[in-house]
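Asks: Sequence below, structure please.
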Amino acid sequence: MTGITITFDTLAYVKELETAGIPAPHAEAQARALSAVLKKVEDSRELVTKADLETAKSEIIRWTASMFVAQTALLIGALFAMMKMTQPAAPTPYPAPPAAQMQMMPAVPYTQPAPVAR
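Replies: Numbers count the residues shown, from 1 in each chain. As a prediction, this is how the structure comes out:
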């Protein structure tokens, strides 16, 4: 973890407080407390490295590409759904003829044609 060093002169801080009328033990306690807070802030700060930026850049590119693919698939699906909705309805079949019309014609016996004279 790379941190930024914060310079804090505790002696100058204590003298400044004593000049303002704060008793020495109180001024020293405040200096220690402020020094501890600054140390925590210093430890919690991070610098971004070039490698961090490259990693973030590649992750953003990957995420953007995956979102593009997902949105394209969604649009294609929506187009197919709209095409299906706008297709004309399938034609309805003709009603079946009544049973009386579906009767077979009576069979006619086949006879051999008479020979033709030449």
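
Asks: Flag every buried residue along the helix or strand of the chain with the lowest mean pLDDT.
Replies: One helix or strand of the chain scores below all others by mean pLDDT, DSSP states H and E: helix 24-44, with a mean of 88. Using 16 or more other Cβ atoms under 10 Å as the burial criterion, the residues of helix 24-44 that qualify are 27-28, 31. Where C-beta positions appear, they are placed from N, C-alpha and C, glycine not excepted.

Asks: quick one: which of those is nearest to residue 11?
Replies: residue 31 (8.0 Å; Cβ to Cβ).

Asks: contacting residues around that closest one?
Replies: 10, 13-14, 17 (Cβ atoms under 8 Å, 6 or more residues apart in numbering).

Asks: Let's see the pLDDT reported for residue 7.
Replies: As predicted, residue 7 sits at a pLDDT of 83.

Asks: For ChimeraX, what selects the buried ones among the contacts of residue 31?
Replies: The buried residues among the contacts of residue 31 can be selected in ChimeraX (16+ other Cβ under 10 Å) with this line:
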select :13,14,17
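
Asks: so which two of the contacts of residue 31 are the farthest from each other?
Replies: The most distant members of the contacts of residue 31, if one measures by Cβ to Cβ, are 10 and 17, lying 10.5 Å apart.
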